[in-house]
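Student: the following comprises the amino acid sequence and a computationally predicted model.
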Amino acid sequence: MNSNDLASCPARKRKRGTPFGFNPLGARKLHFEEDSHGCGNRVATASHNAPESPLKGDRRRRRISLPAPAPAPETLRTRMTHRAGIERAVQVLAAVAIAFGILAAAPMAEAFRSAPEAVAPADRVALGPFAEGDLVARLTVSRLAVDAPVFEGVDGHALSRGAGHIPGTALPGEEGGTNHSLVAIPRDSAASGISEIRVGDAVTMRTPFGMRNYRVAERRVVDPRAVVARPSRRPRVTLVTPFPADEVGPAPLRLTVVLEQT
């Protein structure tokens, strides 16, 4: 086929000015077939397929690998939320601890409430007989700074160490029976300052029956034979000491100091 034949070909005339196989808009796909006119040329026909991307073919799309985004920093709101959660947890733990404390204290409180209101009086405790020289009480007069032991008996051994309880009378602090105790105080003992005691002074005695508080109700000088432990309606203690206290040799009289329990 020469150039004149190509120029006279209808298919060539129809596609003049447009290169074969070029699709400028990419809207349709071109197919090339043999010319039906026998010109020996290929004829381009369009099909209504989906448009192709202009990058497809020689222009290949490049895949770019981007790094993973870094995690966002903790925001102020997140920190506040965590702090509020921690505070609520602390409050809950404190409430639980208080509840356990209350539950643990409840049995103790119940035990105190159920305890007897009063124990048996100490003066009703059964005591065996005291031997000579046993400590039965301790006498204290705060105003005179007197603090002396009281032993059982009035023999020389007992009176050389302190005051002596006269046997046959009630024990100091004992309630019941005659309610009257006699205590002898030698002139050279720790309780010799009793000679200066006055009516109304406070006297304290620690006894096997507990602490006893007394008040000086009476002070008299009598004959030794007049010292008698008469029964009393109220518990009392009579202190007996030689008089005068500065007498050389045996003292002719006795100073009696009556203590009434308060």
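Tutor: Perfect, I can see it now.

Student: how close does Ser142 sit to Ala245?
Tutor: 20 Å (C-beta to C-beta, to the nearest Å). Every residue, glycine included, has its C-beta placed from N, CA and C.

Student: please identify which of those two sits among more neighbours.
Tutor: Per other C-beta atoms under 10 Å, whichever of Ser142 and Ala245 has more neighbours is Ala245, with 15 against 11.

Student: contact partners for the nearest residue to the more buried one once chain neighbours are set aside?
Tutor: Using C-beta to C-beta, 6 or more residues apart in numbering and skipping the chain neighbours, the partner closest in space to Ala245 is Ser195 (4.3 Å). Ser195 is in contact with Thr241, Phe243, Ala245, Leu255, counting by C-beta atoms under 8 Å, 6 or more residues apart in numbering.

Student: likewise Pro224?
Tutor: So Pro224 contacts Leu253, Arg254 (C-beta under 8 Å, 6+ apart).

Student: over to Val222?
Tutor: Contacts of Val222 by C-beta under 8 Å, 6+ apart are Leu253, Arg254, Thr256.

Student: now do the buried residues in the helix or strand hosting the last one.
Tutor: Same thing as Thr256. Taking DSSP states H and E as the criterion, Thr256 maps to strand 253-261. For strand 253-261, burial by neighbour count (16 or more other C-beta atoms under 10 Å) applies to Arg254, Leu255, Thr256, Val257, Val258, Leu259, Gln261.

Student: again, but for stretch 225-244
Tutor: Quick answer for stretch 225-244 (16+ other C-beta under 10 Å): Ala229, Ser232, Pro235, Arg236, Val237, Thr238, Leu239, Val240, Thr241, Pro242, Phe243.

Student: again, but for stretch 136-147
Tutor: Val136, Ala137, Arg138, Leu139, Thr140, Val141, Leu144, Val146.

Student: over to stretch 196-211?
Tutor: Neighbour-count burial for stretch 196-211 flags Ile197, Asp201, Val203, Met205, Arg206, Thr207, Pro208, Phe209 (criterion: 16+ other C-beta under 10 Å).

Student: who does the third one form a beta bridge with?
Tutor: What that stands for is Val203. Bridge pairing for Val203 (DSSP bridges) gives the partners Tyr214.

Student: ok, it - contacts?
Tutor: By C-beta under 8 Å, 6+ apart, the residues touching Val203 are Leu139, Thr140, Val141, Ile197, Asn213, Tyr214, Arg215, Val216, Leu259.
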